[in-house]
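Participant: coords below, sequence missing:
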Ligand SMILES: [Zn+2]
């Protein structure tokens, strides 16, 4: 008879991946020039939903309702308003890693508030008397921007930021010289982690095709970074993303192609972490896990590997997930139920603290 797993100490969740940026921080013409219309005619989204609701397609109505929710959250006036909405879905003891984005240099048109202003507002949120203690602010960088490394340093030194978010498919390599020579060494010195976008979806540099986006996003694009900075704690967000989880389960792997498993990002990330070569490599399940019923069995299988169990982080990707059917609360409760207390405690409480450098 095996002993029942011991109940962990109280779980105080850290959600390692959320966003609070608003329309003021997103380019006017992304993802399509037509979206600019919604800014000037906000009621148009509701109107379209109403039109669609008259049609006999329930799925379409549901999809439009979610787009409307997403649009409403992103159109809130301040990051504090967006954060306040997120707090509906979690226990009050929860803390959140808040990740800004600098989309201005991506070529999709003007952004009303630049990254310095976005950082500043996030720092203010982290000092908020009501919600501040629940905010773990990260800085972000587009290394082609002049003075970008100095801005990261300012965030760490003067604003109390606790880590760095990068998003290479906005137009740079994770081995960009500014990152390799100035920013990663600073992160190691300050003992703060790096979060990076690792899925085939998401925002990208205007004009870049899928291959170009993938070349700077794929797990192997980080090997040079991990080798140069073995102490740097790097999280590959989204565990490779929806397309690769889907293909992992639906297509499997060609038995005669020895490289097939390495080309699937979910399988590749799992292998890189499981084999122990990079002990400071992490991944998070944000967004991907919102296809809950399809993907939770594979997540449970990954968690059986002790290295993976130590390095998978709980995260959700609020408010991007407003486009999905399940709510933040539904997903985190299902996850807790499906994984059991011991594994949930590990990915939502223990691992985030180690990744953040608190433990
Ligand atoms: Zn995200």
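Facilitator: The structure has been received and is ready for your questions. Predicted model only: the values in this text are computed from it and were never measured. Residues are numbered from 1 along each chain as shown.

Participant: and residue 175, how many residues sit next to it?
Facilitator: 16 (other C-beta atoms under 10 Å). For glycine as for every other residue, the C-beta is placed from the backbone atoms N, C-alpha and C.

Participant: and it, what does it touch?
Facilitator: Going by C-beta atoms under 8 Å, 6 or more residues apart in numbering, residue 175 touches 221, 224-225.

Participant: what do you get for residue 138?
Facilitator: Per C-beta under 8 Å, 6+ apart, neighbours of residue 138: 97-100, 161-165, 195.

Participant: can you check the pLDDT for it?
Facilitator: If you check residue 138, the pLDDT there is 98.

Participant: tell me the spacing between it and residue 302.
Facilitator: Applying C-beta to C-beta, to the nearest Å, the value for residue 138 to residue 302 is 25 Å.

Participant: for residue 205, which non-adjacent residue is closest in space?
Facilitator: residue 171 (3.6 Å; C-beta to C-beta, 6 or more residues apart in numbering).

Participant: tell me if I'm right that the one you found and residue 207 touch.
Facilitator: No: using C-beta atoms under 8 Å, residue 171 makes no contact with residue 207, being 9.3 Å away.

Participant: list residues touching both of these two?
Facilitator: residue 107.

Participant: the more surrounded of those two?
Facilitator: More neighbours surround residue 171 than the other of residue 171 and residue 207, with 21 against 9 (other C-beta under 10 Å).

Participant: what sits against that one?
Facilitator: 105-107, 142, 144, 205, 208.

Participant: of those, buried ones?
Facilitator: The neighbour count (16 or more other C-beta atoms under 10 Å) marks 105-107, 142, 205, 208 as buried among the contacts of residue 171.

Participant: mind picking the two most distant members of those?
Facilitator: The span of the buried ones among the contacts of residue 171, defined through C-beta to C-beta, is set by 142 and 208 at 14.0 Å.

Participant: need the helix or strand of the chain with the lowest average pLDDT.
Facilitator: When each helix and strand of the chain is scored by mean pLDDT, DSSP states H and E, helix 36-40 comes last, with a mean of 67.

Participant: after that helix, next one along is what?
Facilitator: Note on helix 36-40: by DSSP states H and E, the next helix or strand toward the C-terminus is helix 43-53.

Participant: just for the chain, where's the confidence low?
Facilitator: By pLDDT under 70, the low-scoring segments of the chain are 1-7, 28-42, 45, 52, 56, 58, 60, 62-64.

Participant: wait, doesn't residue 253 sit right on residue 264?
Facilitator: Yes: at 7.2 Å, residue 253 and residue 264 qualify as touching, with contact defined as C-beta under 8 Å.

Participant: comparing the two, which residue is more hemmed in?
Facilitator: Neighbours per residue (other C-beta under 10 Å) separate residue 253 from residue 264, with residue 264 holding more: 21 against 16.

Participant: I'd like the distance between the more buried one and residue 247.
Facilitator: In terms of C-beta to C-beta, residue 264 sits 6 Å off from residue 247.

Participant: show me where the stretch 1-150 of the chain has its strands.
Facilitator: Counting by DSSP state E, counting those that start in this stretch, the stretch 1-150 of the chain has strands at residues 14-18, 95-98, 135-137, 139-140.

Participant: kindly reformat those as a markdown table containing mean neighbour count and distance to residue 67.
Facilitator: Compiled in a markdown table, the strands of the stretch 1-150 of the chain are given as follows (neighbours: other C-beta atoms under 10 Å; distance: least, C-beta to C-beta, whole Å):
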| stretch | mean neighbour count | distance to residue 67 |
| --- | --- | --- |
| strand 14-18 | 26 | 20 |
| strand 95-98 | 24 | 23 |
| strand 135-137 | 23 | 27 |
| strand 139-140 | 28 | 25 |
